[in-house]
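*Asks:* Predicted coordinates and the sequence they were generated for:
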Amino acid sequence: MPARLSDAFKSHPLNLQLKHPDFSSLQELPDSYAWSQNDDQYASSPGSFGAEQDSVPVIDLSDPNALKLTGHACRTWGVFQVTNHGIPSKLLDDIESAGRSLFSLPVHQKLKAARSPDGISGYGFARISSFFQKLMWSEGFTIVGSPLDHFRQLWPQDYNKFCNIIEEYEKEMKRLAGRLMWLMLGSLGISMEDVKWAGPRGDFRDASAALQLNSYPACPDPDRAMGLAAHTDSTLLTILYQNNTSGLQVLREGTGWVTVPPLPGALVVNVGDLIHILSNGLYPSVLHRAVVNRSRHRLSIAYLYGPPDSVQISPLSKLLGPSQPPLYRPITWNEYLGTKAKHFNKALSSVRLCAPLNALVDVSDHNSVKVG
Ligand SMILES: C=C1C[C@]23C[C@@]1(O)CC[C@H]2[C@@]12CCC[C@@](C)(C(=O)O1)[C@H]2[C@@H]3C(=O)O
Ligand SMILES: O=C(O)CCC(=O)C(=O)O
Ligand SMILES: [Fe+2]
């Protein structure tokens, strides 16, 4: 029996015994939240502003060229936004207001659904917090499987309404993620016969996923704070809904941090580490972070999509050849999450088989990327 996603951190417990603050009561940025150059290795990467800024591609999924456009966006950016994706706007409004209700509960109430040290689901700081000296100006709530037990704690009267919204959102996201998988893989020439684990109908029926609600309260000193530090996602792909406040930035080689502006009704899709592995490095998993805002509360909802529990992800054989050796060893999602818990942004290079022939620096090791 393969380990389930919900057991991913059983052997990597995290003791983040940190007091969760009531952000709204803080008039000044406490020192524990003030990031300096030393706390952030990407602090010197320039921000990219102004008219000449390169912008993240926007793909209309009803465009007959969507396959080609997706492939191009994945190769050149590792991230894109999608419109005409078929997710009802009412559902996006509902999930946003569910997130808002959750994070506006009193701290003691949210802590009733706190994530346990070896668990995956529940309320708390981002898991990657343990790699940093400073705290991030954000709170999160992770859902894997049913949120029922946690939601009963949060809303003893109303939990059913919120469970239904989550269930519906997960169902719709799963469908969209399967469709995006075929756009991403299809443009590499991969078809259903090449990916047996997509299932007999090619709908990735047994895929696993986690839902991450992120809240970034307004911050008295946004230039010194960090919402969510630079990371790549340990997923095949991630679908992100952001409310109307910007904050998501992606690192673009040669340009620096590029803001991904919220577009009404659009969703952000990013390549995760596991598609990077499947594509044998052809699709870069994009380094991204969230910055915060002085006056506006920001909310984002990430659908973190991965393979079925039992599947070992490795470079697709169709993409290999005498001059394209496999760059990564096979690994399950669970195992990869464990590796990420240990090595963080060096996780990809820790599963790499051989160094690229033409480079002194492994570009998949984001800790060594120099920009600007
Ligand atoms: C499946 C997962 C990916 C994730 C860790 C998690 O178990 C659930 C939360 C995810 C998240 C969201 C915020 C950023 C991130 C790096 C983190 O700390 O928790 C990602 C994790 C990841 O992609 O590695
Ligand atoms: O809030 C955002 O824009 C980014 C969130 C994110 O990167 C994540 O949940 O993995
Ligand atoms: Fe992320």
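*Replies:* On my side now, so go ahead. Ligands and ions are numbered 1, 2, ... in the order given.
*Asks:* where in the stretch 151-300 of the chain is pLDDT low?
*Replies:* Along the stretch 151-300 of the chain, the model assigns pLDDT under 70 to no residue.
*Asks:* Spell out which parts of it neighbour ligand 1.
*Replies:* 210, 212, 231, 233-235 (Cβ under 6 Å from any ligand atom). C-betas here are computed from N, CA, C, even on glycine.
*Asks:* where exactly do the helices run in the protein?
*Replies:* 66-76, 89-103, 107-110, 148-154, 159-186, 273-278, 333-343, 347-350 (DSSP state H).
*Asks:* so how far is Ser44 from Gly254?
*Replies:* Distance, Gly254 to Ser44, using Cβ to Cβ, to the nearest Å: 15 Å.
*Asks:* Name the residue in those two with the higher neighbour count.
*Replies:* Ser44 (11 against 8; other Cβ atoms under 10 Å).
*Asks:* Grab the nearest non-local neighbour of the more buried one.
*Replies:* Nearest non-adjacent residue to Ser44, counting by Cβ to Cβ, 6 or more residues apart in numbering: Gln37, 6.8 Å away.
*Asks:* correct me, but the one you found touches Ala43?
*Replies:* Yes: between Gln37 and Ala43 there is a contact at 4.6 Å, judged by Cβ atoms under 8 Å.
*Asks:* Tell me which of those two has more neighbours.
*Replies:* Applying other Cβ under 10 Å to Gln37 and Ala43 shows that Ala43 carries more neighbours, namely 12 against 9.
*Asks:* okay, the spatially most distant residue from the centre of the chain: pLDDT?
*Replies:* Ranked by distance from the centre of the chain (Cα atoms, centre = their mean), the top residue is Pro322, with 33.5 Å. We note a pLDDT of 95 for Pro322 in this prediction.
*Asks:* In contact with it, which residues are there?
*Replies:* With Cβ atoms under 8 Å, 6 or more residues apart in numbering as the criterion, no residue contacts Pro322.
*Asks:* What separation do you get for it and ligand 2?
*Replies:* Distance, Pro322 to ligand 2, using Cβ to the nearest ligand atom, to the nearest Å: 37 Å.
*Asks:* so what's the backbone phi/psi at that residue?
*Replies:* phi -60, psi -40 (degrees, to the nearest 10).
*Asks:* Roughly how far does it sit from Ser279?
*Replies:* Distance, Pro322 to Ser279, by Cβ to Cβ: 18 Å.
*Asks:* Repeat that for Val269.
*Replies:* Distance check for Val269 against Ser279: by Cβ to Cβ, it reads 15 Å.
*Asks:* Could you check which of these two has the larger neighbour count?
*Replies:* For the pair Val269 and Ser279, the greater number of neighbours falls to Val269 (28 against 22), based on other Cβ under 10 Å.
*Asks:* So what pairs up with that one in the strands?
*Replies:* Beta bridges link Val269 to Phe80, Ile239 when assigned by DSSP bridges.
*Asks:* cool, Gln212 as well?
*Replies:* Listed by DSSP bridges, the beta-bridge partners for Gln212 are Thr142, Ala302.
*Asks:* Would you agree it is in contact with Ile301?
*Replies:* Yes: using Cβ under 8 Å, Gln212 is in contact with Ile301, at 7.2 Å.
*Asks:* Pull the contacting residues for the nearest residue to Asp221 once chain neighbours are set aside.
*Replies:* Nearest residue to Asp221, sequence neighbours excluded (Cβ to Cβ, 6+ apart): Leu29, at 3.9 Å. Residues near Leu29 by Cβ under 8 Å, 6+ apart: 219-221, 224-225.
*Asks:* Just list the residues touching the residue nearest to Tyr336 when sequence neighbours are not counted, thanks.
*Replies:* Nearest residue to Tyr336, sequence neighbours excluded (Cβ to Cβ, 6+ apart): Ser234, at 5.6 Å. Shown in contact with Ser234 (Cβ under 8 Å, 6+ apart): 272-274, 304, 306, 333, 336-337, 340, 347.
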